[in-house]
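Student: What would the 3D arrangement of this be:
(one chain, ligands or ions: 2)
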Amino acid sequence: MIFNRHATNAVSGALRAAATSPRGCSFSTTSASKAKVAVLGAAGGIGQPLSLLCKLSPEISELSLYDIVGTPGVAADLSHIPTHSSVTGSLPSPVSFPMKGNIGLEETLSGADVVVIPAGVPRKPGMTRDDLFNTNAGIVKTLVEGCAKFCPDAMIAIISNPVNSTVPIAAEVLKKAGKYDPKKLFGVTTLDVCRANTFAANSLGLDPKDIDVTVIGGHAGITILPLFSRVGGAKFSDAELEALTVRTRDEVVAAKAGAGSATLSMAYAGYVFTENLLRAIRGENVVQCAFVESSLTDASFFASPVKIGKNGIEEILPLGDLSPYEKMWFDKMMPELKSQIQKGVAFANA
Ligand SMILES: NC(=O)c1ccc[n+]([C@@H]2O[C@H](COP(=O)([O-])OP(=O)(O)OC[C@H]3O[C@@H](n4cnc5c(N)ncnc54)[C@H](O)[C@@H]3O)[C@@H](O)[C@H]2O)c1
Ligand SMILES: O=C(O)C[C@H](O)C(=O)O
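Tutor: Ligands and ions are numbered 1, 2, ... in the order given. Okay, here's the model as predicted:
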């Protein structure tokens, strides 16, 4: 069965579990799977709600949280939720929950099937995602070095911006360690798909669950290219198309007015992405958009729908035809995307 979730609008496992809770505070555990998920940056704006969704998930049996602050408290808090998974929280320093000394990055990552990385600083109004490079490049590099050492077979999902550069950094770090498997490294672009689905559905007066917009390119400014021309039966005017496209790229940072960027919708999107990886590991074929090493275009990484199975990416699906409007943005985007990828590669090899 192909579980097609570059559409992001299905009720995900955690939310389904919550909806079918048999008695108020406990969730059904009958379909519980055995999988360990590590969240790095787990005490942050994305990390906390993402960890909450993971704690609710019947797909996850072990949840390990890592951050430079706060994880013992976040783990203690989550551990009171009566679901079947265990939860640990660790810091680089010797404080952890449960209190048994520092379990650190090594224990956080050892045995992990999936590692999700939302560690790093978010944007403020006026900044581009690329402006985060100087701080976040080093954070991602260090954390992925940990993955190479302690969980070289895990699937790694990178949320930290700028994704167009942090994913190439991760690839170079893994290559240096001799542990790179391009089938298992992903930049998370699911929020772009969530937004495109929501905005298109609102504009057409439809339920978002009936919409499945493919978003290609990368995850920064004009490199985010939603293919609204493929929404069945939709006829957007040029002005509507432009408004939808621009809105999919950027809205929350300005609305939060200095208090960071998307956290709650990103936690949802990050959870949907993670759950799809877990389903793939369990043997379902999953299709979802992600920013991955790719030969679809002349950029070495590209976001597009990919088919994922037990051992990672099985196929990068063909792009298909672009409308003239999409082709115009595609041509504009490519130099920017390639330069952001190159910036990441150069950083990792400096
Ligand atoms: N891919 C996407 O679609 C998407 C969407 C939203 C946000 N983001 C990005 O996600 C990142 C996190 O955003 P946020 O709002 O959660 O930020 P935040 O500041 O609220 O949280 C980040 C967390 O990372 C932790 N951290 C910093 N350095 C670390 C290290 N070396 N090891 C472990 N943890 C470390 C911080 O302590 C903090 O708890 C940002 O870079 C943001 O731009 C990406
Ligand atoms: O906008 C940001 O900086 C965060 C994230 O990339 C997003 O798309 O919400």
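Student: Just confirm residue 299 contacts residue 338, I think it does.
Tutor: Yes - applying C-beta atoms under 8 Å, one finds residue 299 in contact with residue 338, separated by 5.0 Å. For every residue, glycine as well, the C-beta is placed using N, CA and C.
Student: The two: which is more packed in?
Tutor: More neighbours surround residue 299 than the other of residue 299 and residue 338, with 24 against 18 (other C-beta atoms under 10 Å).
Student: Helix or strand: which one has the more buried one?
Tutor: Counting by DSSP states H and E, no helix or strand carries residue 299.
Student: Now residue 288: which helix or strand?
Tutor: strand 285-293.
Student: List the buried residues for the very next helix or strand once past that strand?
Tutor: Sequence order places strand 301-309 as the next helix or strand after strand 285-293, per DSSP H and E. Within strand 301-309, the residues scored as buried using 16 or more other C-beta atoms under 10 Å are 301, 302, 303, 304, 305, 306, 307, 308.
Student: Not counting its neighbours along the chain, what's nearest the third one?
Tutor: Once flanking residues are discounted, residue 303 sits nearest to residue 291: 4.1 Å by C-beta to C-beta, 6 or more residues apart in numbering.
Student: Is it correct that the one you found is in contact with residue 166?
Tutor: No - using C-beta under 8 Å, residue 291 is not in contact with residue 166, being 9.7 Å away.
Student: So these two - more neighbours on which side?
Tutor: Between residue 291 and residue 166, residue 166 has the larger neighbour count (other C-beta under 10 Å), namely 32 against 29.
Student: And the pLDDT for the residue of the stretch 151-300 of the chain found nearest ligand 1?
Tutor: Across the stretch 151-300 of the chain, the shortest distance to ligand 1 (C-beta to the nearest ligand atom) belongs to residue 161, at 3.4 Å. pLDDT recorded at residue 161 is 98.
Student: List the neighbouring strands of the host helix or strand of residue 63 plus their orientation.
Tutor: Using DSSP H and E, residue 63 maps to strand 62-66. Strand 62-66 pairs in its sheet with strand 36-40 (parallel), strand 86-90 (parallel), by DSSP bridges.
Student: now that strand: mean pLDDT?
Tutor: On average, strand 62-66 scores 97.
Student: what does stretch 86-95 give?
Tutor: Stretch 86-95 comes out at a mean pLDDT of 82.
Student: do the same with stretch 257-268
Tutor: In this model, stretch 257-268 has an average pLDDT of 96.
Student: what does stretch 312-332 give?
Tutor: Average pLDDT, stretch 312-332: 97.
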